[in-house]
Every structure is written in C-alpha cells, then in structure tokens.
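> Need a 3D model of the following:
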Amino acid sequence: MAMNIYWGDPHGHSGYSECYWKDTDFPSIDPIEYYANAMKYGKLDFATLTDHDLNLSSEEWKAIVDATNESNVNGKFATILGYEWTSAKYGHQNIYFSGDSGKLIKCRHGDSGNGELPKMALWSPSQPADWMVPTTLWKYLEGKGGDIITVPHHVGVSQMPYDWNYHSTVFQPVTEITSLWGNFESPDTDIDHGISDVLPDRYVRDALNRGYRLGFIGGGDSHDGHPGERTFGNRRKKNFVEGQNVGSNPIGRSAADYISTDTANTRGLTAVIAPELSRDAIFGAIAEKRCYATTGARIIVDFTVNGRVMGSELLAGNSDIAHISIKVKGEGTLNRVELVKNNGVAARWAPKSSSFAAEITDRPGPGVTWYYLRVLQKDGHRAWSSPVWFERNGRSPSFTLKRNGLEVINSGEGIAFPHIASFYSSNPKTIMAQRNPGSRRRTGYNFTTEYLGADEFVVGIDVVAGEEEAAFSGDVEVSGASMMRIKAENLVTVKYGGDLYAMKGSRASWHFAAVSERKSVRLLIKAKKMSSLLYEAVPRIDGKPAPAVCVDGRQLEPREYMSGCFRVELLRFSDKLRLGARTLSSIKGHSKKSVPVPERTRYVIVRPADEETSPLKWPEERLF
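Numbers count the residues shown, from 1 in each chain. Model prediction:
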C-alpha cells in the first residue's frame, strides 16, 4: 500500500483555555476559528484542539466536539477530538479520541469520582490533594469513545514534569518530544531544552531506558489560536516572554521563564506516514508509531530497519543483523544526521547539503536494541524519527526461584557463568506501606518505604499542615552501601511556592516554604554492593522537631524519635551466594540448571559479581 507524509499539529489552545495569550491585538479564538486558522494559515493536513480540561464547562466541551466534527473533511483536512489533561502532580497528557465523540474526564476528582467537575481555574497558588492518578484516568477511559490514546506533554519541564512511573502500553503508544516549551529528548544532547532546571529521569530517553516502546510526535502547544504558523507564533511568543501585551494571561512572567526562546523551536509538528488523509488513517498512524517529530520545519525523514518503517518492533534470531536505510530531505542545509542506538550515537554524518542518504548495517547485542534518527539543520530546526525496536535472542539468561533452588535458564547460545553473584533474603523488611491512618489535619510527617526490587527503594515523605501554614524542612541520609544514588522524583529546584531540595552524595534535603494542606516528595534510592541498608531522617516544622511522625503506617513513640531523629532499616541481606564456574561452568543453548540456595529463601537478586569485567550485559538487576 502506498504511503504518504501528512503534516499536523496535535496540540494547541483556543480562547477556552485560561492560558490563552490574550491581548487587544489578538482576541480570543473559538474552536471553529482555530481549525480554520490551521488550514488557511498553518497549511496543515490535520490538527487537534487540546484545551485544558479544568477550564472547560460541559457546554464548551460540546462546542469543541461539534467544531472538531464539522471541520473534518476526508481528503482535505483531518481533525482528531482531544483535550489536555492538566495534572500538576503527575504531569500533563493530551487525550485523543478516534471517533466523533469522547468523555471529558478531568484530572481532579469530583463527587462522582470520575473527574466530572465544573469549570475551574487552571493555576492556583496551593496544590490540591485530589489529583487523579493516571491509572484511574485510563480506567475511566476504557470503552469511552472508541480507540483512545494519551500522550505525555513537556515531560521534563520544571513546572509540571511527567511522572514516568505511570505508563500504559495500551493508551500510550507515543510521547511528545518537542513543543514551544523546548525539546525533551535527553539532557545530554546539545539542544535548547527551554527550561530552567534539568530534571533527572524525566526525559523521553529515560522512558525508553525503562523499556517503554514510545514513538515520537511534536506539538506546537500554540496559545494564540494559530497552530502551525511559525511567523505568527514567533512574534506572539516574543511578546509573551518579554512581557509585552500579555494582557489578562494569569500565567504571566513566572511561566515565561520556562518557555523556549529559540526561534527555531516555536511550533513542534508531527509528520505521519499514512495511506490517505482521513481521521482514521491519521489516528491509526500515530497509534502504530508511524510518525515523527520536528521543531516546525517540514523535514522529510525516511528511516527503516530491515525494510520495516519507523515505529516497528522486530523479533530476530541470534545471527540477525540490522540493515538500516536512511533518507533525509531538509528545508535547508543539513548540519548533522545521527543514528542513535540505545543511549549513544552509533553513526554521525555532516551532509552540508539539503539532502542525505545512507545504508549501513549493525549487529545488535542480545536482548532489545532501539534505533532512531536525529536530524539537525543549519538554521537550528531538528527532527526525530520514531524508534525501531530490534529484539534478538542472546546470551542474557533468565532466573526463576523455585523450592529446589535457583533455576537458571539459557534461552540463547551456550555460555559460562563465572561472573554472576546472587544475594538472597528470607524476609526483606520493606514492603508497600499504607498511608498514615490518623487525622488528615494533624500537623506532622508520614514516611513510607517501598521496595521496588533490583536494589531500588522509594522513601515517600508526606507532610500535613494543621490549621495554619507551616514550613517543612529536613534531611534524609542513607548508609550501608558502598555505591548509591538518591534523587527526588517530584521536586524541582525552583517551582511555584519556592519549594527547594538539595542532593549531596547519600544525603537529601528538602524545604517546603509554605504548606497549607499537604505536600509530598518521593526519594528514589539506588544502592549497590550493600550488606544492609538504612536511612536516618531529621524532619522539622518551622525549624523545630516535628510533633508527630508516622513511619509505614505506625506512629513513632517518643523513645523512637530521640532528638528529632529516627532510623529505618530498609533491607538486610542474610547471606551471599557466589555462582562460580564450578557450579555453572556452562549451560547449553535452550537448557537450564538448578543451583541450591538456603532454605526459607524468598527473594533473590542476581547481578554480575564484577560489573566492569563481566562478559554479560545486564539490562537491570532481577528480583525474584
């Protein structure tokens, strides 16, 4: 079937959104005018109006549905119904419906528990405690309006980053990699991120490293009712960032600091590879990852692996190699074309012309390898193809803990196992903890611990204010391992309200300037080479020891909370088992062996004994 490239902007706002860039020169645009501007001025093939969920009344949502259907013309212009789910706690997602109707489910809980709420303000000085969890959103979306996809937006932006702990293989086939907020491929690339902070583990490549198979799209996130129009967008954004003619926009200067000022990054666009220009074909292409993103330039990218189009997932045998075909045609001179393989650049070219083509081969390692193409024009515009995943049987074994011991299964070639170590425990102390059952209005701290496996732990810190605002601060220090790293999952160095945190080695410090209800932070701890692990916490309220502390659902007694400090043991390993050459000298391909382990063993972590010299490449440690 012949395929074509169609250009569109799946993300933009009309005057229904509170953040619309209003001023006397540019009055509010309604949904019908939005789609008309996309066709007439943006010269787009398709578009979606994604006004903010919290700003919409039921009448306005109906007007958007009607305008979206009225503006859809097969073969001329395709529209997809959608809105922006605007969670300040878990991150923003754009919701897209394949059909001509869909349910508006807001990111805050209503009395009915399914997000049915009246129109409300998007930006508020205090963060409410009733944000809907993404898994609940996906539950409510099941069976509503046909096929539905939800796409994370500005995933690494400091104000409202996306929480990659929440992912759905059913609802999230793609992620937005670029918009007016900046480019969010990875903080180690030489691109304009358009943000004030670089948040670890929030970027697109971080999601790929988690094993998420996400394609890439670009969205303008236009706030002026003119999707796809670069010249107009540059002028409007320049006025906004410089504080000129901002008018009644409630975001004001505080948000302008987070918006990319790179003129080559005004409007992200999505290119889809589809057989025809229709709503079904465009939606289907995005759902199948047959799409790529640009910063607004209409760069033509043709990227295939073994003849399969971008977004494909290939299952290969042990001896298969990847035959990679690259064709790029830019709007101007191409400065760089790069083939990204997992986390590194596998090949780089400097065409210095407007077109480029190459054919190369690569032999992927065992397990899953992903490739994508990154293009940089001389004028600063960029493009990213969706990845292709190449899954190959290989030397990485799998493990199962059974009553008769640790069963090692080799699904690939024969291999020796001299460099594997195992740690096991009969009773890890850390478990999924319940929240403090006490009064929600009692001033104090609630600490929870969660064992994620593979030497990963989460310490949750939940603070509750009483009748008056209070400042919460404190420190957590982890000990018991020679190698560790701590990071805050949902705090940034600068955010509305002045929240701060600091990391130094095995110590994390936090400061909440003014809490009127509740705030929380999750500290992710990764530790290696440990015999035991514990953390010591010093929580304070208004500079004094906290009057009440609850740990894993249990209120601490005064004797456990001496001098405002307490300790929590995370995990203690009871023994260490070396799986050496004598025990597992070799295992033939597609066979298995059992290794005895001590009685009453319930959990085993298996990893390379010497990570620097081990011949095995382990995607992650394993917990059983």
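> Buried ones in the helix ranked longest in the chain, by neighbour count?
For the chain, the helix that runs over the most residues, judged by DSSP state H, is helix 58-71. Under the neighbour-count criterion of 16 or more other C-beta atoms under 10 Å, helix 58-71 has 60-61, 63-65, 67-68, 71 buried. All C-beta spots, glycine's among them, are computed from the backbone N, C-alpha and C.
> can you put those in TSV and add distance to Val463?
Output for those, formatted as TSV (distance: C-beta to C-beta, whole Å):
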residue	distance to Val463
Glu60	36
Trp61	36
Ala63	41
Ile64	38
Val65	41
Ala67	44
Thr68	42
Ser71	47
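> and of the residues you listed, the nearest to Asp462?
Trp61 (33.6 Å; C-beta to C-beta).
> Tell me the helix or strand right after the helix-or-strand element of the chain with minimal mean pLDDT.
When the helices and strands of the chain are compared on mean pLDDT, DSSP states H and E, helix 252-256 comes out lowest with a mean of 39. Following helix 252-256 in sequence order, the next helix or strand is strand 269-274 (DSSP states H and E).
> what packs against that following strand?
Secondary-structure packing of strand 269-274 (3 or more C-beta pairs under 8 Å, 6 or more residues apart in numbering; DSSP states H and E): strand 4-9, strand 215-218, helix 279-287, strand 291-294.
> can I get the CA coordinates of stretch 546-557 in PDB?
What follows is stretch 546-557, C-alpha atoms only, in PDB (Å, rounded to 0.1, in the frame of the first residue of the first chain):
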ATOM      1  CA  ALA A 546       8.100  17.600  64.100                       C
ATOM      2  CA  PRO A 547       5.500  17.000  66.800                       C
ATOM      3  CA  ALA A 548       4.200  13.800  65.100                       C
ATOM      4  CA  VAL A 549       6.000  11.300  62.800                       C
ATOM      5  CA  CYS A 550       4.400   8.200  61.300                       C
ATOM      6  CA  VAL A 551       6.500   5.600  59.600                       C
ATOM      7  CA  ASP A 552       4.900   2.900  57.300                       C
ATOM      8  CA  GLY A 553       1.500   3.400  59.000                       C
ATOM      9  CA  ARG A 554       2.800   3.300  62.600                       C
ATOM     10  CA  GLN A 555       3.000   6.300  64.900                       C
ATOM     11  CA  LEU A 556       6.500   6.600  66.400                       C
ATOM     12  CA  GLU A 557       6.800   6.500  70.200                       C
END
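> Report the rounded mean pLDDT for it.
Per-residue pLDDT over stretch 546-557 has a mean of 79.
> If you count neighbours, what's buried in that stretch?
Under the neighbour-count criterion of 16+ other C-beta under 10 Å, stretch 546-557 has 546, 548-552, 556 buried.
> Same check on stretch 335-351?
Buried, per 16+ other C-beta under 10 Å, within stretch 335-351: 335-341, 347, 349, 351.
> Stretch 85-105 now?
For stretch 85-105, by 16+ other C-beta under 10 Å, it's 85-99, 102-105.
> got it, and stretch 311-321?
Going by 16+ other C-beta under 10 Å, stretch 311-321 has these buried residues: 311-312, 314, 320.
> Please apply the same query to stretch 276-296.
277-279, 281-296.
> ok, back up a step: return the list of helices and strands in contact with the longest helix of the chain.
By 3+ C-beta pairs under 8 Å, 6+ apart, helix 58-71 packs against helix 31-40, strand 78-79, strand 81-87.
> I'd like the next helix or strand past the longest one.
Elements were assigned by DSSP H and E; along the chain past helix 31-40, the next helix or strand is strand 46-47.
> Quick check: Ile134 touching Tyr90?
If you look again at residue 134, you'll see it is Pro, not Ile. Yes - the criterion here is C-beta atoms under 8 Å, and Pro134 meets it with Tyr90 at 5.5 Å.
> Find the residues that touch each one of the two.
163, 166 (C-beta atoms under 8 Å, 6 or more residues apart in numbering).
> which residues does Asp302 bridge with?
Counting by DSSP bridges, Asp302 is bridged to Lys327.
> What residues does it make contact with?
Contacts of Asp302 by C-beta under 8 Å, 6+ apart are 325-328.
> which of those residues are buried?
326, 328.
> What residues sit buried inside the longest strand seen in the chain?
Longest strand of the chain, by residue count under DSSP state E: strand 518-541. Within strand 518-541, the residues that qualify as buried are 518-527, 530, 533-535, 537-541, counting by 16+ other C-beta under 10 Å.
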